[in-house]
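1. Below are the sequence and a predicted model for it; my questions follow.
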Amino acid sequence: MYALVDGNNFYVSCERVFRPSLQGRPVIVLSNNDGCAIARSNEAKALGITMGMPWFQIQRQWPDVGLIALSANFCLYGDMSSRMMSIAAGLGPEQEIYSIDESFVGMHGMRGDLVARGHAVRERMLQWIGIPVGIGIGPTKTLAKLANHIAKTADRKPGSYPAGLARVCHLGALPASDFDAVLAATDLGEVWGIGQRIAAQLRAEGLSTALDVARMDAAMAHRRWSVTFSRTVCEMQGQPCIALEEAPAPKKEIACTRSFGQPVTELRGLIEAVSEFASRAAEKLRRQEGRAGQVLVFIHTSAFRHGERQYSRSITVPMRRPTADSGLLVATAVRALQAIYRPGYKFAKAGVMLLDLQEGSLEQHELDLDESASDRSGLMGTIDRINDRFGRSTVALASAGVARCERGWTMRQELRTPDYTTRWTDLPRARA
DNA sequence: TCTGGGGTCCTAGGACCC
DNA sequence: TCTGGGGTCCTAGGACCC
């Protein structure tokens, strides 16, 4: 058996822990640049605000409903996430951390009442960190995920499912007829692995529910769609095809990309942005002790501005040898940028990706008489430790721009809450 | 005026090889 | 009139996830 523990409206719930006045009100959390909604409280969902809806449109459509919007505070969410994961780990012997607010737990060989155990962990989560979660249990990860959806929906919309499935739902414990009835009441689009495209194709075939998917022929699903989708069908039938991954695999590519707070036309601004993105990506790379063999840089204008001239280009540059040196990666990224930059456009977004990643231990050395290319891994380690201790960009490369306030490209975050749990000066105060 | 960021996997088709 | 067969590797693009 597998369980999936998932925070309800996670980012909103994190904010509510430190601002209880947000309880019961429509609250949304906005993406970087305060661009669009990426988390919604139940009240905001009930209003009709959808995932990814642009903020300017939401303001226009719901001007007078007391809606509270907050800029995303990923420091806070990341810290709350690790607390949540350690409590979720109490559910069973194995754990996979699947995303910032979701964790699969392997419950193989566990005896006793798994539903009661789920409720106990859920209560502990509420009491210890104040985050409400839903727990789904099933014989495969896909069914656990579906059970989680049912647990949360039954909680939020009474009457949609039998009340006993709310908050903690164990699909593996249901009699066959009840199992079928619950799946028949669930849209196929809710199944993990079925996105918009496949959902539309299945509907065109006359299928509409999760039960219809569970009754498909897996071999046919492979022939007509893909192996990936045939695995989804098998998992819906209770046959595990997707393993629990306890240790996170090293990344195969690392990206740092951002939309700008304002359009950028000058090369100078783009150089600053690309320098910063490349060094952020290099930091992530060193954290997994990897080296990059290639650097990709892209820039593009905003596809949403229909009246304006559009330009979009990317370029991939190989490194002479794989490296994790910020200086080399930044210099390469800037050279790549210069090759694709064209004046006269309003650039909206840029990004750097590190590709062809390899393990640091496999480094190939070469006879090198050029001192400028000497090994600076010690220096990089020192920079990383300083920035870990004193905060991001305490030490940075000068090409990323020194006067932060003058950089027009940095993102807008006008509605950001304090870093309650990760910065001494932001600690909440308790009054007697 | 204003529309996020970071990933993975699979497939098809072309290049290339013998 | 006639023009092989089989395999691998790489890349771009699609689809999916949160």
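-> Cool, got the structure.

2. Check which residues of the host helix or strand of residue A:351 are buried.
-> Following DSSP states H and E, one finds residue A:351 within strand A:347-359. Of the residues in strand A:347-359, A:347-357 count as buried by neighbour count, 16 or more other CB atoms under 10 Å. (C-beta placed from N, C-alpha, C; glycine too.)

3. got it, and stretch A:309-323?
-> For stretch A:309-323, by 16+ other CB under 10 Å, it's A:319, A:322-323.

4. DNA strand B next: which of the buried residues of strand A:347-359 are close?
-> Applying CB under 7 Å from any atom of the strand to the buried residues of strand A:347-359, one finds that A:348-349, A:351, A:353 fall near DNA strand B.

5. out of those, which one sits closest to residue A:59?
-> Set against residue A:59, the nearest of these by CB to CB is residue A:348 (20.5 Å).

6. Next, the contact list for the residue nearest to that closest one when sequence neighbours are not counted, please.
-> The shortest distance from residue A:348 to any non-neighbouring residue, by CB to CB, 6 or more residues apart in numbering, is to residue A:302 (3.7 Å). Contacts for residue A:302 (CB atoms under 8 Å, 6 or more residues apart in numbering) come out as A:263, A:308, A:346, A:348-349.

7. Give me every residue in the stretch 1-150 of chain A lying close to DNA strand B.
-> When proximity is defined by CB under 7 Å from any atom of the strand, the stretch 1-150 of chain A lies next to DNA strand B at A:31-33, A:35-36, A:38, A:51-52, A:54, A:56.

8. Just the buried subset of those, written out for PyMOL, thanks.
-> Those of these that count as buried under 16+ other CB under 10 Å are selected in PyMOL with:
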select buried, chain A and resi 31+32+33+35+36+38
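
9. Now render the residues of the stretch 1-150 of chain A next to DNA strand B as TSV, adding distance to DNA strand C and pLDDT.
-> Formatted as TSV, those follow (distance: CB to the nearest atom of the strand, whole Å; pLDDT from 0 to 100):
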residue	distance to DNA strand C	pLDDT
A:31	11	94
A:32	13	91
A:33	16	91
A:35	14	93
A:36	12	95
A:38	9	96
A:51	9	94
A:52	9	94
A:54	16	95
A:56	21	95
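
10. Could you pick out which of the residues of the stretch 1-150 of chain A next to DNA strand B are located in helices?
-> The helices, defined by DSSP state H, take in residue A:56 from those.

11. Can you tell me which of the residues of the stretch 1-150 of chain A next to DNA strand B is closest to residue A:292?
-> Comparing those against residue A:292 with CB to CB picks out residue A:32 as the nearest, at 23.8 Å.

12. Surely the closest one touches residue A:72?
-> Yes: using CB atoms under 8 Å, residue A:32 makes contact with residue A:72 at a distance of 6.5 Å.
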